[in-house]
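In: how does the following fold in three dimensions:
(one chain, ligands or ions: 1)
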Amino acid sequence: MAEDTVKTTCPYCGVGCGLILSRGREGWEVGGDPDHPANKGRLCSKGAALMDTVRAEDAGGIRLLHPEVDGRRASWDEAVAATAARLRETVEAHGPDAVAFYVSGQLLTEDYYVANKLLKGFIGSPHIDTNSRLCMASTVAGHKRAFGADAVPGTYEDLELADLVVLVGSNLAWCHPVLAQRLRAARRDRGTKVVVIDPRETATRDLADLHLKITPGSDVALFNGLLAHLARTGAVDGEYVARHVSGLDTALEAAEADAAAVAETCGVDGADLARFYQWVAATPRTVSVFSQGVNQSSRGTDKVNAILNVHLATGRVGKPGASPFSVTGQPNAMGGREVGGLANQLAAHMNPDDPHDVDRLRRFWKAPALTGGQGLKAVDLFRAVRDGRIKALWIMATNPAVSLPEAGLVRAALEACPTVIVSDVVADTDTMRHAHIRLPAAGWGEKDGTVTNSERRISRQRAFRPLPGEARPDWRIMSDVARALGHGAAFPYKRPADIFREHAALSAFENDGARAFDIGAFAAIKPKAFDALAPVQWPAPMDAARGTERMYGDGRFTHSNGRGRMIAVRHAAPMERASLRYPLILNTGRYRDQWHTMTRTGLSPRLSAHRPEPLVEVHPDDAGALIDGGLARVTSGLGSLLARVAVTEAQRPGEVFLPMHWSDTTAAAGAVGRLVAGHVDALSGQPESKHVPVRVEPW
Ligand code: SF4
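Out: Next comes the predicted model:
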């Protein structure tokens, strides 16, 4: 490859598209990488506009360019010393549990690895969580219950090999656009049937042969009804279940109890429901794609297992064109999972509640401070900050003051916290405004490392631009702080390859195939080979450097007895219901051309042209005095914001929609997180961001 061409990976959604950056007359230009298996040259609007955001950053005033301590510019030496001193003082005065990190699926795996090692292994606090908690934590919990490990069995190609694709709680056309392009092409070329299960008519509706506009929160009833139908019609694969699966009888018992009233519970037409059930029963090559509409729920884990139950009962797991398929929101939500980015995980998918895993990690890291046990999950973590139990909080590459539920409380927590350290690329975010120590981090195109996409594919992000100002990669900032705390021997990293190599070695350390995640093939990788690393799907154990396309296709799962587990799940309503005071249910989600809290995509005029402002979408039956195009105040039990009204039949009566992107910085309207309560799934800790009682009034 010529010096003026660089292969890298898109920093936005979990599809993880490969990019080729080429130096043109007017600077770097972006194109899709035809050799990358995730996208095969395709791009969506956000990927194509990447250089718009980079150029806008270069124009000045956007980036945080120098460290700051207590509002004054500082040298890196001063900033690192101040960070280390405040962490040390907090531990000495209040114990290690008074320190927490809140990190991000925007970090590279190497950054994530160092963050986990520093906090859990050497500061001795378990309280590190990530914004991936808002994204796919329910899927992690569901995978572990069903398979014994957090592993996506399928590969993107399965969408093209399937005869039926069921999209559950997924606006694929806007949130994973390149996968939607691949599915659209498969539908055109081979007549793939598509069922969309979503309370709203989104852009993805255009792909559907059948749209089940279900009552929000009724997914468990829908899939329990399907399981009961499969059993009644002889579509359960008895031989597969006998050999490979436990729990069919109890799962079926629970499913049959829901099945009687399923059409009513789900609010769908009986004939449509029957058609869906018949199609699944008759189509061995079925892929079920599920996303945030399933995960962001107080019953998210049960919803995931209701879907996985159907695939386990029919033996449709990890086979070409036949698998359940979670698509993650963020570019590296899965890489974070690999290194223990969630409060209820250790590195290399080890379990913090398993003394053997804790001991194994403690010995590998030579980290006596590692105690094991679960840390606080995102919502509880910020409540602990507000309550004064967490005294020092380091936030990296995320903007919780906008994105977390109970956003008002998050801001109050940040105000009250004695030490807030924020590492980010952006100088002014709603979160950065609360920071005592501000650390300028390297952004996309400036840092090197790996990310893992939704099909378990590890890809390289490569630097092609110089670091602006004094910005540094996150792994380096944390390693410097670790050295200042006296742990230099454990953080000797000179380059990302050193960290990736250690991460790979840990994944194989005393593993013996017991954990699904294993990339031991790279345990001795040299920097040059790391630079050239081609996209590879884990597991990639010592003897399989080419990786693994599909998992569990042979019916052997990660549970100690090798069997998959069906889980008895029952429909239960969301935590809150509509009331006279708050008669409508708010659903939140993404727009096609914006990303998270718009700190990058908001800089691109062409992306902003798609939807220049947040719209509250309302069904005509609920519009009342609201005027299409007029302003409205949306109020929940927690707060309110202003938004322009769009009256549309795409909504179900009784339900409204708002995008998640805008904040107090980007709109007078305010962050949607101000409205969302902190109700979480009991198992996964994922907040219920898609079911908030509100009222909408003309303004
Ligand atoms: Fe980037 Fe996702 Fe678009 Fe691919 S589909 S170009 S990863 S935003």
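
In: what ranges does the stretch 51-200 of the chain have for its helices?
Out: Per DSSP state H, counting those that start in this stretch, the stretch 51-200 of the chain carries helices over the ranges 76-94, 109-116, 137-147, 157-161, 172-175, 177-190.

In: helices or strands next to the fourth one in the packing?
Out: Pointing back at helix 157-161 there. Packed against helix 157-161, as judged by 3 or more CB pairs under 8 Å, 6 or more residues apart in numbering; DSSP states H and E, are the following elements: helix 177-190, strand 286-290, strand 323-326. Glycine gets a C-beta too; all of them are placed from N, C-alpha and C.

In: can you tell which of these is closest to the ligand?
Out: helix 177-190 (3.7 Å; CB to the nearest ligand atom).

In: how about the closest one: buried residues?
Out: 177-184, 186-187 (16 or more other CB atoms under 10 Å).

In: in CSV, list those residues along with pLDDT and distance to residue 428.
Out: Below are those laid out as CSV (pLDDT from 0 to 100; distance: CB to CB, whole Å):
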residue, pLDDT, distance to residue 428
177, 97, 29
178, 98, 31
179, 98, 34
180, 98, 34
181, 98, 35
182, 98, 38
183, 98, 39
184, 98, 39
186, 97, 44
187, 97, 44
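
In: switch those over to a markdown table; also include distance to residue 507.
Out: Formatted as a markdown table, the buried residues of helix 177-190 follow (distance: CB to CB, whole Å):
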| residue | distance to residue 507 |
| --- | --- |
| 177 | 31 |
| 178 | 28 |
| 179 | 27 |
| 180 | 32 |
| 181 | 33 |
| 182 | 29 |
| 183 | 32 |
| 184 | 36 |
| 186 | 33 |
| 187 | 37 |
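
In: need the helices for the stretch 201-350 of the chain, in chain order.
Out: Listed in chain order, the helices of the stretch 201-350 of the chain (DSSP H, counting those that start in this stretch) span 219-232, 238-244, 248-259, 262-266, 270-282, 292-295, 300-314, 333-338.

In: cool, and the stretch 401-550 of the chain?
Out: Along the stretch 401-550 of the chain, the segments classed as helices by DSSP H, counting those that start in this stretch run 407-416, 474-484, 496-508, 527-531.

In: okay if I get the helices of the stretch 201-350 of the chain as JSON lines plus mean neighbour count and distance to the ligand?
Out: As requested, the helices of the stretch 201-350 of the chain are exported to JSON lines (neighbours: other CB atoms under 10 Å; distance: least, CB to the nearest ligand atom, whole Å):
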{"stretch": "helix 219-232", "mean neighbour count": "24", "distance to the ligand": "24"}
{"stretch": "helix 238-244", "mean neighbour count": "14", "distance to the ligand": "34"}
{"stretch": "helix 248-259", "mean neighbour count": "19", "distance to the ligand": "34"}
{"stretch": "helix 262-266", "mean neighbour count": "20", "distance to the ligand": "30"}
{"stretch": "helix 270-282", "mean neighbour count": "16", "distance to the ligand": "27"}
{"stretch": "helix 292-295", "mean neighbour count": "29", "distance to the ligand": "14"}
{"stretch": "helix 300-314", "mean neighbour count": "29", "distance to the ligand": "22"}
{"stretch": "helix 333-338", "mean neighbour count": "29", "distance to the ligand": "12"}
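
In: could you dump those into a markdown table and include mean pLDDT?
Out: Formatted as a markdown table, the helices of the stretch 201-350 of the chain follow (pLDDT from 0 to 100):
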| stretch | mean pLDDT |
| --- | --- |
| helix 219-232 | 97 |
| helix 238-244 | 98 |
| helix 248-259 | 92 |
| helix 262-266 | 95 |
| helix 270-282 | 97 |
| helix 292-295 | 93 |
| helix 300-314 | 98 |
| helix 333-338 | 82 |
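
In: quick one: which of those helices is nearest residue 588?
Out: Nearest to residue 588, of all the helices of the stretch 201-350 of the chain, is helix 292-295, at 9.2 Å by CB to CB.

In: please save the CA atoms from the closest one in PDB.
Out: What follows is helix 292-295 as a C-alpha-only set of coordinates in PDB (Å, rounded to 0.1, in the frame of the first residue of the first chain):
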ATOM      1  CA  GLN A 292     -31.700  -1.500  21.200                       C
ATOM      2  CA  GLY A 293     -35.500  -1.900  21.000                       C
ATOM      3  CA  VAL A 294     -34.900  -5.200  22.800                       C
ATOM      4  CA  ASN A 295     -32.000  -4.200  25.000                       C
END
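
In: just name whatever secondary elements it is in contact with.
Out: Against helix 292-295 (3+ CB pairs under 8 Å, 6+ apart) you get helix 137-147, helix 300-314.

In: could you export the helices and strands packed on helix 157-161 as JSON lines, including distance to the ligand?
Out: Output for the helices and strands packed on helix 157-161, formatted as JSON lines (distance: least, CB to the nearest ligand atom, whole Å):
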{"stretch": "helix 177-190", "distance to the ligand": "4"}
{"stretch": "strand 286-290", "distance to the ligand": "14"}
{"stretch": "strand 323-326", "distance to the ligand": "15"}
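
In: could I get those as CSV with distance to residue 402?
Out: Rendered in CSV, the data for the helices and strands packed on helix 157-161 read as follows (distance: least, CB to CB, whole Å):
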stretch, distance to residue 402
helix 177-190, 23
strand 286-290, 25
strand 323-326, 25
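
In: what helix or strand does residue 658 sit in?
Out: strand 655-659 (DSSP states H and E).

In: quick one: strands adjacent to that strand?
Out: strand 584-589 (parallel), strand 615-618 (antiparallel) (DSSP bridges).
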